[in-house]
Each structure stands twice: as C-alpha cells, then as structure tokens.
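Colleague: What would the 3D arrangement of this be:
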Amino acid sequence: LMGVVDEIQKTGYILQGANIIFISNIPQKAGLSSSAALEIVTALTMAELNLLKIEPVKMARLCQQAENNFVGVACGIMDQYVSRLGRKDNVLFIDCRTNNYELIPFRDSNYQIVICDSKIRRDLINSEYNKRREECKKATEFFTHRFGHKVQALRDVTIEEFKQYQEQLPETIARRARHVILENDRVQASKKAIEAGDYITFGQLMIESHQSLKVDYEVSCEELDLLVDLALKQEGVLGARMTGAGFGGCTVNLLKREKVNIFKKTIQKEYKRITGIIPDIYITIPADGAKVLKF
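Modeller: Down below sits the predicted model:
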C-alpha cells in the first residue's frame, strides 16, 4: 500500500489520508497475483477517493514500479495488467516492449480453466526470481555483443541464432535463454491457437511450457510437477502447467467442462495420498479486472 501511494505521489498527485480495510480470498504466495491485486485495488481506491483520472495502463505501471522500488522484486508487468485490464470472457495478450495489449476471446463453453493449489509456500520466490532476471540479462548482453543493438531483449534472438551460439554460453545461462526464447514462440502460437479455437494445440503448448519451466528455467518443484502429472493422466485434460514465480503455489489446467467434477475429486484424492496435503481447487472463468463497486 505504501509503495503504491508513494509511486502515485511521485507523479505529482497529492493524496489525502484514508482509512482502508482489505478483505481478500486470494491465497498469498500461491502464484495467483495476490500482490498485483492488492496494488491495483489500492491505486484504484486512492484514485477514486481523490477524484483522480489515472489511465489504466499508467496505473498498472505505477503498481509495477511500487513492487520494483518499494518491495524490491524485479517483477514484470503481466500481473498488474491483467488485474486492471482484464475483461470477461477474454484472455489478455501483452507486448511488454510497446505496452500494447490485446483482448482475445476465450469463451468456448466446452472448456474450463481449473487452478490447483499445491499448498506449498517457499521463501525462495523473490530471491530466485531476481536471480533468473540477472541470468537472462547476462544472456541478453551476450547476444547484444554478437548482433549489436538489434538485440535489446531475448525476444529479439531467433531460435536459429540461439542454436548457433548456445555452446558459447555457460550451460545454466544457455538453458535460461532457451526457455525465454522458446516461451515467446509458445505465447505467439498460443494466441493463434486460441483465436482459431484450437484448444488441443493450446493445451499441448501449456504442457511444453511446464516442461521448459521445470528443466530449463528450474522454477518448478516436486509438488507442482506431481499436480501436472496427475492432471495429464485424467481424461479430458488438454493441458497443465505451473503458474506464477514457481517453487510452490499453483498449476493451471485446461480441461473439458464435463470432466471438471471428476477431475477435482481425483486430483484431491491422489495428491493427498502421495503428499498428505489436500489441494485447493478453483473453478475459474475469465472475468473483468478491478473496478469500483458502490453500495
């Protein structure tokens, strides 16, 4: 809250004091963007109370800066964007370089997005997240040295260029770069698949993404891998992957709507049998982002 207020005031706005109560049902440290939700609702509340007009993209950026500067986590913009800009029955495609975004219809009644919470919380998230950022920065610097200013980020490196030079990178840095470069390709392919209503392809891309997060980016854990493995054994499941910064938290699963109830029962039963933990299961729908409700 203090970080968000500070970032708003840095832009020249003068804020009045306020008594604020937060009530939430979003689990913390679960990879479900609870921090971004808190930041956005704080910014939206302060704007409403002080009669400020803060453009949605600018508000998301201010909240990201609060997490970067006040909390010390070098997070990206995705969570804040979707918390502020999300729309019912759509998924959000974001270009982090241009700040442009696109709403992609996601309303096929045959499919459901289901979240499984491993109930595992580890304190590695912030330190390891920042470490991955530094590793990717080193990879970017390597390719900038090779190709010049055309490479400002790993998104500017083609898979062919990566393969040509990967042996010159330290092994860990190469794996981090491979994940990011291929993940960008998977995001583009996922956008096309969703637009075409090809949820089978989208599900396969989710599976590939998790494998890459597990092996190349190394941010998964045994419990998340178990949830993914259990999900993929269930009839009607098209895709599964971890979500969030990793090392615990949740998986997101794409499955046929008719299989949701048996999926929930089976995952809870099998995960408890193996780990002794009953996972929380959330049946979700794409919904609107933050807004002011007046009673």
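Colleague: hmm, who's touching the least confident helix or strand in the chain by mean pLDDT?
Modeller: Within the chain, no helix or strand scores below helix 125-147, which has a mean of 90 by mean pLDDT, DSSP states H and E. Helix 125-147 is contacted by residues 29, 72-75, 151-154, 156-157, 161-162, 165, 168-169, 172-174, 176-177, 180, 217, 219, 245-248 when judged by C-beta atoms under 8 Å, 6 or more residues apart in numbering. Bear in mind the C-beta positions are built from the backbone N, C-alpha and C, glycine included.
Colleague: which of the residues you listed are buried?
Modeller: Buried members of the contacts of helix 125-147, counted by 16 or more other C-beta atoms under 10 Å: 29, 73-75, 151, 153-154, 156-157, 162, 169, 173-174, 176-177, 180, 217, 219, 245-248.
Colleague: still on that earlier bit, could you export the next helix or strand after the least confident helix or strand of the chain as CSV, CA atoms only?
Modeller: Downstream of helix 125-147, the next assigned helix or strand under DSSP states H and E is helix 159-165. The C-alpha coordinates for helix 159-165 follow below in CSV (Å, rounded to 0.1, in the frame of the first residue of the first chain):
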residue,chain,number,x,y,z
ILE,A,159,15.9,-19.9,-32.1
GLU,A,160,18.3,-20.4,-35.1
GLU,A,161,20.6,-17.7,-33.7
PHE,A,162,20.4,-19.2,-30.2
LYS,A,163,21.3,-22.6,-31.5
GLN,A,164,24.3,-21.2,-33.4
TYR,A,165,25.8,-19.6,-30.3
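Colleague: who touches helix 159-165?
Modeller: The contact list for helix 159-165, computed with C-beta under 8 Å, 6+ apart, reads F142, F143, R146, F147, A177, R178, I181, L182, D185.
Colleague: Can you verify my assumption that A290 contacts L38?
Modeller: No - contact criterion C-beta atoms under 8 Å: A290 and L38 do not qualify, at 10.4 Å.
Colleague: can you map out the helices along the stretch 151-295 of the chain?
Modeller: Under the criterion DSSP state H, counting those that start in this stretch, the stretch 151-295 of the chain contains helices at 159-165, 171-195, 199-215, 222-232, 260-275.
Colleague: do you know which of those helices lies nearest N100?
Modeller: helix 171-195 (12.9 Å; C-beta to C-beta).
Colleague: JSON lines for the helices of the stretch 151-295 of the chain, including distance to E48 and mean pLDDT?
Modeller: Shown next, in JSON lines, are those (distance: least, C-beta to C-beta, whole Å; pLDDT from 0 to 100):
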{"stretch": "helix 159-165", "distance to E48": "46", "mean pLDDT": "96"}
{"stretch": "helix 171-195", "distance to E48": "33", "mean pLDDT": "98"}
{"stretch": "helix 199-215", "distance to E48": "37", "mean pLDDT": "98"}
{"stretch": "helix 222-232", "distance to E48": "38", "mean pLDDT": "98"}
{"stretch": "helix 260-275", "distance to E48": "36", "mean pLDDT": "98"}
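Colleague: Buried deepest among the ones you listed, which one?
Modeller: Stretch with highest mean neighbour count among the helices of the stretch 151-295 of the chain: helix 222-232 (a mean of 21; mean count of other C-beta atoms under 10 Å).
Colleague: Now do the helices in the stretch 1-150 of the chain.
Modeller: Counting by DSSP H, counting those that start in this stretch, the helices of the stretch 1-150 of the chain are 2-10, 34-49, 56-66, 78-85, 125-147.
Colleague: Nearest to L103 among those would be which one?
Modeller: The nearest among the helices of the stretch 1-150 of the chain, by C-beta to C-beta, is helix 78-85 at 8.1 Å.
Colleague: Would you mark the buried spots in that closest one?
Modeller: Result for helix 78-85 [16+ other C-beta under 10 Å]: buried residues D79, Q80, Y81, V82, S83, R84, L85.
Colleague: cool, stretch 61-71 as well?
Modeller: Those would be R61, L62, C63, Q64, Q65, A66, E67, F70, for stretch 61-71 by 16+ other C-beta under 10 Å.
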